[in-house]
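Engineer: Please work out how this folds:
(chains A and B)
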There are 2 protein chains.
Amino acid sequence: MEKFEINILGCGAALPTPKRLSSSQVVNIREKLFMLDCAEGIQMALRKSRIAFPKIQAVFLTHLHGDHVFGLIGMLSTFGLLGRIQDLHIYGPHDLQRLFQPQIDYFCADSPFRIILHEIDTTTAQVIYEDRSVTISTLPLSHRVPCCGYLFCEKPTPRHIRRDMIDYYHIPTSQINNIKAGMDWTTEDGTLIPNDRLTTPPDPVRSYAYCTDTAYRPSLADLLQDVTCLYHEATFTSEHALLAKKTHHSTATQAAQIALASHAHQLILGHFSSRYPSEAPLLQEAQTLFPNTLLAEDGMKLRL
Amino acid sequence: MEKFEINILGCGAALPTPKRLSSSQVVNIREKLFMLDCAEGIQMALRKSRIAFPKIQAVFLTHLHGDHVFGLIGMLSTFGLLGRIQDLHIYGPHDLQRLFQPQIDYFCADSPFRIILHEIDTTTAQVIYEDRSVTISTLPLSHRVPCCGYLFCEKPTPRHIRRDMIDYYHIPTSQINNIKAGMDWTTEDGTLIPNDRLTTPPDPVRSYAYCTDTAYRPSLADLLQDVTCLYHEATFTSEHALLAKKTHHSTATQAAQIALASHAHQLILGHFSSRYPSEAPLLQEAQTLFPNTLLAEDGMKLRL
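Structural biologist: From the prediction side, this is the model:
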């Protein structure tokens, strides 16, 4: 299977703690790297990780709260000092430009690479990036400021060649790509060999949804049907459901409800309030509803 | 002696490394705390330290290069989340307001404390802060952007009372402050007791100069005469003197020359380029000229 890997660099909430970084991830799809949020300290976390961070093509910011963006300017500046030349695209809500362009112009004035800011509409679900491997779309969320999640959908891969059959029918190399794409084969004596004798089905298409920060938003599930892996914030336990509502965050139960309604294959909880000495109660709460739940951890690597 | 303590939180140069933070210090003068520069990661370093960071009254930025300021907005935001109410004053060169006010207005909108930015003239030596314990002045430096160091001069403390003499002459408590201030005493029979029989001299007045980043600037020594402790950048060894000149930084030898010409009591080298696997050559080089030299270290605490 082609690579589709989630690297969780930070999964803490607003207050950074020595135990964990605030929200930051890197998604690796077939060696293309995409960053999700950019907390203070991210450049150090990247250096400690084994992520080939010069390959990061784009940064997707969910919203302009400090715990999701304060690492940006330092990371950009360091990329410049390290001699990056590849363009870097940064996607984020309205005000991205106003708040960051002056600092970028000043602190990255000698930068050898271009930094391109894209302000996105967080209120609609739309494709904002596409290449031959992946489609990235926004997922409207409900927070105190404009906020959206991001959905990564892998593009279908070709069918797998059955080498034994190719040899048996003496199919020339020039035809392999057509066969992978689903073409049947006609032998010299005119016999039609259906494609499914020559190939096995392609790998299933995988998807990843990054949903933080948000109040419980049932309609989100409509956009996430059959998602392979759902990262959903679970700032609080149900005990603090009122606080969750007030601060526009979710409880672990609510995250599990979204996973359930989405028919997600797996749920990852993150964005933990630093009030909990252990996240075990969050996990327990979610697993009651949705058993295939994991707690995010800084440094966690997940292969879909 | 009253407290006069330097806490070095970071002493690295432009590129942050897992080994050390970029430039950041906290000066504690009689339990008043002043921050010097504010590198990315500072809030985590403050939390790990035993510094009572809510007591930080003011931040003094030498210049607007990322490795000296990228921790500012995160620290301000966290101070707000932690419920700080005391005003915080931030001093820095021209452009401070333009580059930081929009982010402060946005990210610290709900902040329960006031953040007051002061743009200072980095080209003249002038007092910018004064209270009953300390005077803080700017020290013009030579860097690629407007830049100044800061000189902390302790105010003289009163003379020390000789308790035995006070008792012997039955001097009433109401007069103690006058005696400490230098007043003589006349006994009931008209004998004049000179103050130096009643007191011992005050503690010597101490001073601390923070000089980073700067090219070699001989005139700096005129402003630093008899400084107790001089922190001077030493980004490079003399082997890289040309690079130092080109990038407007100093070598360890040049730092020692400033210490020597200033008749400093002690020299601390800092702002080390990450190119050196060990700073021992920098120390050796400076000590040849100025033996009482130390290498700065993250987490170092110096009592003057």
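Engineer: Restrict the helix or strand bottoming out on mean pLDDT in chain A to CA atoms and write it as PDB.
Structural biologist: For chain A, scoring each helix and strand by mean pLDDT, DSSP states H and E identifies helix A:42-48 as the least confident one, at a mean of 90. Taking only C-alpha atoms (Å, rounded to 0.1, in the frame of the first residue of the first chain), the coordinates of helix A:42-48 have been written out as PDB:
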ATOM      1  CA  ILE A  42       6.900  22.900  16.400                       C
ATOM      2  CA  GLN A  43      10.300  23.500  14.800                       C
ATOM      3  CA  MET A  44      12.000  21.700  17.700                       C
ATOM      4  CA  ALA A  45       9.400  18.900  17.600                       C
ATOM      5  CA  LEU A  46      10.100  18.500  13.800                       C
ATOM      6  CA  ARG A  47      13.800  18.400  14.400                       C
ATOM      7  CA  LYS A  48      13.400  15.700  17.100                       C
END
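Engineer: Mind listing what's buried along that helix?
Structural biologist: By 16 or more other CB atoms under 10 Å in any protein chain shown, the buried positions in helix A:42-48 come out as A:Ile42, A:Gln43, A:Met44, A:Ala45, A:Leu46. Heads up, the C-betas are built off the backbone N, CA and C, glycines and all.
Engineer: Out of these, flag the one nearest to B:Leu294.
Structural biologist: Distances from the buried residues of helix A:42-48 to B:Leu294 were compared by CB to CB; the smallest belongs to A:Met44, at 25.8 Å.
Engineer: what residue ranges in the stretch 51-200 of chain A are flagged as low confidence?
Structural biologist: Counting by pLDDT under 70, the stretch 51-200 of chain A contains no low-confidence segment.
Engineer: Tell me the secondary structure of the residue of chain A positioned farthest from its centre, please.
Structural biologist: Distance from the C-alpha centroid of chain A peaks at A:Asp189, with 50.3 Å (CA atoms, centre = their mean). The three-state label given to A:Asp189 by DSSP: H, G, I helix; E, B strand; the rest coil is coil.
Engineer: Please report how far it lies from chain B.
Structural biologist: When CB to the nearest CB, to the nearest Å is applied, the distance between A:Asp189 and chain B equals 68 Å.
Engineer: contacting residues around that residue?
Structural biologist: If you count contacts by CB atoms under 8 Å, 6 or more residues apart in numbering or on different chains, A:Asp189 has none.
Engineer: Dihedrals phi and psi, it?
Structural biologist: phi -90, psi 10 (degrees, to the nearest 10).
Engineer: Quick check: it vs A:Asp164, distance?
Structural biologist: Distance from A:Asp189 to A:Asp164, counting by CB to CB, to the nearest Å: 20 Å.
Engineer: What about the closest residue to chain B within the stretch 101-250 of chain A, how many residues nearby?
Structural biologist: The nearest approach of the stretch 101-250 of chain A to chain B comes at A:Phe107, 4.9 Å away (CB to the nearest CB). Applying other CB atoms under 10 Å in any protein chain shown, we find 21 residues neighbouring A:Phe107.
Engineer: the domain parsing of chain A - what is it?
Structural biologist: Taking automatic domain parsing as the domain assignment, the ranges for chain A are A:4-157+A:203-303, A:160-200.
Engineer: which of the ones you listed is buried the deepest?
Structural biologist: The highest mean neighbour count among those belongs to domain A:4-157+A:203-303 (a mean of 20), with neighbours defined as mean count of other CB atoms under 10 Å in any protein chain shown.
Engineer: Ends of that one, what's the gap?
Structural biologist: 6 Å (CA to CA, to the nearest Å).
Engineer: Do you have the helices of the stretch 201-304 of chain A handy? List them.
Structural biologist: The residue ranges that make up the helices of the stretch 201-304 of chain A, judged by DSSP state H, counting those that start in this stretch, are A:241-247, A:252-262, A:280-289.
Engineer: Serialize these to a markdown table and add fields for mean pLDDT and distance to A:Pro201.
Structural biologist: Formatted as a markdown table, the helices of the stretch 201-304 of chain A follow (pLDDT from 0 to 100; distance: least, CB to CB, whole Å):
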| stretch | mean pLDDT | distance to A:Pro201 |
| --- | --- | --- |
| helix A:241-247 | 96 | 42 |
| helix A:252-262 | 98 | 24 |
| helix A:280-289 | 97 | 32 |
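Engineer: Nearest to B:His68, out of those helices?
Structural biologist: helix A:241-247 (33.6 Å).
Engineer: Centre of the chain to that closest one, how far?
Structural biologist: Between the centre of helix A:241-247 and the centre of its host chain there is 26 Å, according to CA atoms, centre = their mean, to the nearest Å.
Engineer: Let me know whether that helix sits next to chain B.
Structural biologist: No - interface with chain B: helix A:241-247 contributes nothing (CB under 8 Å from any CB of the partner chain), its closest point being 11.7 Å away.
Engineer: what comes into contact with that helix?
Structural biologist: Contacts of helix A:241-247 with the rest of the structure, by CB under 8 Å, 6+ apart, involve A:Arg144, A:Ala215, A:Tyr216, A:Thr235, A:Phe236, A:His249, A:Ser250, A:Thr251, A:Gln254.
Engineer: Now that we have those, can you turn them into JSON lines and tack on distance to A:Ser174?
Structural biologist: Output for those, formatted as JSON lines (distance: CB to CB, whole Å):
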{"residue": "A:Arg144", "distance to A:Ser174": "58"}
{"residue": "A:Ala215", "distance to A:Ser174": "56"}
{"residue": "A:Tyr216", "distance to A:Ser174": "55"}
{"residue": "A:Thr235", "distance to A:Ser174": "56"}
{"residue": "A:Phe236", "distance to A:Ser174": "60"}
{"residue": "A:His249", "distance to A:Ser174": "57"}
{"residue": "A:Ser250", "distance to A:Ser174": "54"}
{"residue": "A:Thr251", "distance to A:Ser174": "58"}
{"residue": "A:Gln254", "distance to A:Ser174": "55"}
